[in-house]
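Chemist: With the input below, show me the fold.
(chains A and B)
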Amino acid sequence: MTDLRYPIGLETLDAPAAEALRDLAEAPARFREAVRGLDDAQLETPYRPGGWTVRQVVHHMSDSHMNGYCRCRMALTEDTPVVKPYDERTWAELPDARSLPVEVSLGLFEGLQRRWTEMFRNLKPEEWKRAYRHSERGLMTMEQAASIYAWHCRHHAAHITRLRERMGWR
Amino acid sequence: MTDLRYPIGPEAAGTSIAESIRELDEAPARLREAVRGLDGAQLDTPYRPGGWTVRQVVNHLASSHMHGYCRCHLALVEDNPAVKSYHQELPDAGTLPVEIPLDLFEALERRLVTLFRNLTPEQWQRTYRHSDRGPMSVEQAAAFYAWHARHHTAHIASLRQRMG
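Modeler: Here you go, the predicted model:
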């Protein structure tokens, strides 16, 4: 049986930078497409039993990628900064993630990804090797971060598109 | 002589929560108004000699408030988390079309304002520890970011006035 939590498999650390950038740049449109036409009841449906609702998944994308963007900026301007994991479960339960229209986070995510991909596109080869130190996962270079966040986009977009397929929503 | 760096004066203490929220709520529209109709050359004008360009200021507001949003979230879900100061701007801040940070800033402030409107009195008193400034409650952070938005918007507005 497929694990509904990992519709596209586990994360990849070594996607080529060009591929990661393409995924990151395309992600906002994929999310818009994934939620297009869903009504409130559909947005309030968990993507799997006991999982986040579609609305929470969308708000999670802007939260998580804001954290990721801030981490990468720190890695570029500080000497291997230590970053902490962010507690995604409690963030997703904060009131704004439960109630705000998905449009807000879709817009946020889109602007964010545009800034982030622009930042990545301007990196010199040696800057791709700069890293932050994650308190649980250890060193993370810009290359690896781009790969992980690109995977992260496809991962969560697939949560929504697979739910749509299972539910027969058109 | 007026200090061009502080057009509205240093940050104010004692701003009420309601006032901070109102200002954060209005900030995106004010910022949009401040840059309305500026062409590329105007956007690339430093707001003071040696200062950031208008474009950099707008990008700075988006990235700085993103940090602020992350910090407030951290303060709400962790126990007095340590956060580091953040001063620098990256090259993309000098080149991106201002529409990108304007949209980003607007969406960001909407999430932040929604979060703030739903906080309990105890949550307002939760804190993070800033590497330069020490403990900051969420209430103080709201006042700071409200000031910060007005501060940078005034950089642009006062430049426009000076340049006619």
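
Chemist: contacts and neighbour counts: CA atoms only from here.
Modeler: Fine.

Chemist: For A:Met140, what is the enclosing helix or strand?
Modeler: Of the helices and strands defined by DSSP states H and E, A:Met140 is found in strand A:138-141.

Chemist: Next, count neighbours for B:Gly94.
Modeler: If you count neighbours by other Cα atoms under 10 Å in any protein chain shown, B:Gly94 ends up with 20.

Chemist: Look up how far B:Ala62 lies from it.
Modeler: 13 Å (Cα to Cα, to the nearest Å).

Chemist: what's the spacing between the strand holding A:Met140 and its chain's center?
Modeler: Using Cα atoms, centre = their mean, to the nearest Å, we find the averaged C-alpha position of strand A:138-141 to lie 18 Å away from the chain's own average C-alpha position.

Chemist: what sits up against stretch B:109-129?
Modeler: Applying Cα atoms under 8 Å, 6 or more residues apart in numbering or on different chains, the external contacts of stretch B:109-129 come out as A:94-96, A:100, A:104-105, B:21, B:24-25, B:27-28, B:69, B:71-72, B:74-76, B:79-83, B:135-139.

Chemist: Then stretch A:33-48?
Modeler: If you take Cα under 8 Å, 6+ apart as the criterion, stretch A:33-48 is touched by A:4-5, A:52-55, A:157, A:159-161, A:163.

Chemist: quick revisit: in its sheet, which strands sit next to the strand holding A:Met140, and in what direction?
Modeler: According to DSSP bridges, strand A:138-141 has the following sheet partners: strand A:131-134 (antiparallel).

Chemist: wait, what's in contact with A:Val58?
Modeler: The contact partners of A:Val58, by Cα under 8 Å, 6+ apart, come to A:31, A:102, A:105-106.

Chemist: re earlier: so can I have CSV of the contacts of stretch A:33-48 showing neighbour count, distance to B:His151 and pLDDT?
Modeler: Putting the contacts of stretch A:33-48 into CSV (neighbours: other Cα atoms under 10 Å in any protein chain shown; distance: Cα to Cα, whole Å; pLDDT from 0 to 100) gives the following:
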residue, neighbour count, distance to B:His151, pLDDT
A:Leu4, 16, 47, 91
A:Arg5, 15, 45, 92
A:Trp52, 20, 38, 95
A:Thr53, 22, 38, 95
A:Val54, 27, 37, 96
A:Arg55, 26, 34, 95
A:Ala157, 25, 38, 97
A:His159, 24, 42, 97
A:Ile160, 25, 41, 97
A:Thr161, 19, 43, 97
A:Leu163, 19, 45, 97
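
Chemist: In these, find the pair that's most separated.
Modeler: With Cα to Cα as the measure, no two of the contacts of stretch A:33-48 lie farther apart than A:Leu4 and A:Arg55, at 17.2 Å.

Chemist: Return the helix or strand in chain B with minimum mean pLDDT.
Modeler: helix B:92-95 (a mean of 81; mean pLDDT, DSSP states H and E).

Chemist: and that one, which residues are buried?
Modeler: Applying a neighbour-count criterion of 16 or more other Cα atoms under 10 Å in any protein chain shown, one finds B:92-94 buried in helix B:92-95.

Chemist: what's in contact with it?
Modeler: When contacts are defined by Cα under 8 Å, 6+ apart, helix B:92-95 is touched by residues A:115, A:118-119, A:122, B:44, B:53, B:55-56, B:59-60.

Chemist: Which SSE is immediately downstream of it?
Modeler: Tracing the chain past helix B:92-95, the next element assigned as helix or strand by DSSP H and E is helix B:99-117.

Chemist: how about that following helix: buried residues?
Modeler: Residues of helix B:99-117 classed as buried under the neighbour-count rule (16+ other Cα under 10 Å) are B:100-116.

Chemist: residues from chain A in reach of chain B?
Modeler: When proximity is defined as Cα under 8 Å from any Cα of the partner chain, chain A approaches chain B at A:63, A:66-67, A:70, A:73, A:77, A:86-87, A:90-91, A:94-96, A:100, A:104-105, A:107-112, A:114-115, A:118-119, A:122.
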